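Colleague: Build me a model from this:
(2 chains)
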Amino acid sequence: EAQVTQNPRYLITVTGKKLTVTCSQNMNHEYMSWYRQDPGLGLRQIYYSMNVEVTDKGDVPEGYKVSRKEKRNFPLILESPSPNQTSLYFCASRIKQGTYEQYFGPGTRLTVT
Amino acid sequence: AQSVTQLGSHVSVSEGALVLLRCNYSSSVPPYLFWYVQYPNQGLQLLLKYTTGATLVKGINGFEAEFKKSETSFHLTKPSAHMSDAAEYFCAVSDVDSNYQLIWGAGTKLIIKP
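Modeller: You can find the predicted model right below:
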């Protein structure tokens, strides 16, 4: 089944404790992206990647890191999480060119205390 | 810069009534337009999309949307609401100026009254 998977689905952590949220897709998509969703603000893009070893900042990159060492994986790293990073996070992927629709993972709900 | 405006953060309709969720966008070049749906505690699922061609687009679950260039709108409709349609709906636009990144509206939560 074609899908985007994220782990963990739920995470509660404390301020300053490094964490990684994994994202993997099995559709051979070149493009992958991370979003955060907050009430009333819709989805805001954190980082995206057009291909392996190519990453770019989105609208809200501060406090986050990403890497793209393999085509299928695009982990999101919070080196020193803070309470304002409490949010619902989505990973998405799409083909590089075409109709540009994105396929989303199930989301990761992160709480930083 | 591109932007997407969804009128109404919450829309309430009775079961069986017409659903109309409004989306207006700004884009100076031909856009690709999308509606996504997010059911409670789930990820986002593509409902329908406009790329080129026919301006009336049909999607899943009986939804459709019409691209109106003159009005820069892409409103989502469904003739008869069902309880299972209760969800949050997001409109998004992408075009060459945004390097085909999706620009999102803030979302509209659809509430269905029995």
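Colleague: Please verify my assumption that residue A:53 contacts residue A:66.
Modeller: No. Counting by CB atoms under 8 Å, residue A:53 does not reach residue A:66; the two are 11.4 Å apart. Using the backbone N, CA and C atoms, a C-beta is placed for each residue, glycine as well.
Colleague: any bit of the lowest-mean-pLDDT helix or strand in chain B sitting next to chain A?
Modeller: Least confident helix or strand of chain B, by mean pLDDT, DSSP states H and E, is strand B:103-104 with a mean of 91. Yes. Strand B:103-104 reaches chain A (CB under 8 Å from any CB of the partner chain) through residue B:104.
Colleague: any idea how far the lengthiest strand in chain A is from the chain center?
Modeller: In chain A, taking DSSP state E as the definition, the longest strand is strand A:42-51. When distances are taken as CA atoms, centre = their mean, to the nearest Å, strand A:42-51 is centred 7 Å away from the chain's centroid.
Colleague: Alongside chain A, which residues does chain B contribute?
Modeller: So chain B meets chain A at B:9, B:32, B:34, B:36, B:42-46, B:49, B:51, B:90, B:94, B:100-102, B:104-107 (CB under 8 Å from any CB).
Colleague: Please repeat the previous calculation with a cut-off of 10 Å.
Modeller: B:4, B:6, B:9, B:32, B:34, B:36, B:38, B:41-46, B:48-52, B:88, B:90-92, B:94-95, B:98-107, B:109 (CB under 10 Å from any CB of the partner chain).
Colleague: which SSE is the residue positioned nearest the centre of chain A in?
Modeller: Centroid-nearest residue in chain A, with CA atoms, centre = their mean: residue A:34, separated by 2.9 Å. Secondary-structure assignment from DSSP states H and E places residue A:34 in strand A:31-38.
Colleague: and that strand with strand A:42-51, angle?
Modeller: 160 degrees (axes from the mean of the first three to the mean of the last three CA atoms, to 10 degrees).
Colleague: Strand A:31-38: partners in the sheet, and parallel or antiparallel?
Modeller: Using DSSP bridges, the strands paired with strand A:31-38 are strand A:42-51 (antiparallel), strand A:87-94 (antiparallel).
Colleague: buried sites along it?
Modeller: For strand A:31-38, the buried set under the neighbour-count rule, 16 or more other CB atoms under 10 Å in any protein chain shown, comprises A:31-37.
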